[in-house]
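**Q** sequence-free structure coming up:
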């Protein structure tokens, strides 16, 4: 049996500060590697979920999800699709030309810009159902002539504008007209479709 004097003489091992620091660093390194592994796994899992989600959206919303190489294109609710552009015909609410442009911009769009005959035919086809209402479009008069809201000059080969002293353009199912910009009418917005 050990005597109390002999027990006091037994040395306890006390780690040096270097050993403690190395042990802590190794432990922290192992934890850091595990965190990286978990994050990489979650990213891979999320990529798979995103792909599954996109596939499900295409099944639910696209008429023919595999017909085009890019998948399909979508418009917001109550917008009409023609080629890669979405069109919005305002409801009965009437606004000035500037208010109409502002409203379009709030929806991520701008007033209608007519660029070719196919687009023009589509717009007129829709307007035949609008009982002769007038709609603001994105054409306005500026110093050197008529410009679209995207900065392009008006191509008179597409259509002739009945020009009076007014500075903003309107259209209905009959043709194109000018109007006083502060008058209130319905309007047509356009924006690019979303591709999924």
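**A** Okay, I see it. None of the values given here were measured: they were computed from a predicted structure. Residues are numbered from 1 along each chain as shown.

**Q** okay, CA-based contacts and neighbour counts for the rest of this
**A** Will do.

**Q** can you list the weak-confidence ranges in this protein?
**A** 1-15, 41-71 (pLDDT under 70).

**Q** tell me the strands in it, going along the chain?
**A** 73-74, 80-82, 85-89, 110-111, 135-142, 145-148, 168-171, 176-179, 186-192, 194-195 (DSSP state E).

**Q** how about a markdown table for those strands, with mean neighbour count and distance to residue 22 added?
**A** Formatted as a markdown table, the strands of the chain follow (neighbours: other CA atoms under 10 Å; distance: least, CA to CA, whole Å):
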| stretch | mean neighbour count | distance to residue 22 |
| --- | --- | --- |
| strand 73-74 | 20 | 57 |
| strand 80-82 | 17 | 65 |
| strand 85-89 | 21 | 63 |
| strand 110-111 | 26 | 63 |
| strand 135-142 | 24 | 70 |
| strand 145-148 | 18 | 70 |
| strand 168-171 | 24 | 77 |
| strand 176-179 | 20 | 81 |
| strand 186-192 | 24 | 59 |
| strand 194-195 | 12 | 54 |
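
**Q** Out of the ones you listed, which is closest to residue 28?
**A** Taking CA to CA, strand 194-195 is the member of these nearest to residue 28, at 44.8 Å.

**Q** What strands line up against the closest one, and which way round?
**A** strand 73-74 (antiparallel) (DSSP bridges).

**Q** Show me how far the partner strand is from its chain's centre.
**A** 11 Å (CA atoms, centre = their mean, to the nearest Å).

**Q** Distance to residue 95 for the strands of the chain - can I get that in TSV?
**A** As requested, these are exported to TSV (distance: least, CA to CA, whole Å):
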stretch	distance to residue 95
strand 73-74	27
strand 80-82	21
strand 85-89	13
strand 110-111	12
strand 135-142	9
strand 145-148	18
strand 168-171	12
strand 176-179	13
strand 186-192	6
strand 194-195	27
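
**Q** So which of the ones you listed is nearest residue 23?
**A** Set against residue 23 and scored by CA to CA, the strands of the chain come closest in strand 194-195, at 53.1 Å.

**Q** of all the strands of the chain, which lies closest to residue 159?
**A** Here strand 176-179 is closest among the strands of the chain (CA to CA), at 7.8 Å.

**Q** how about the helices in the protein?
**A** 4-9, 17-61, 97-106, 117-127 (DSSP state H).

**Q** contacting residues for residue 164?
**A** Residue 164 sits next to residue 178 when contact means CA atoms under 8 Å, 6 or more residues apart in numbering.
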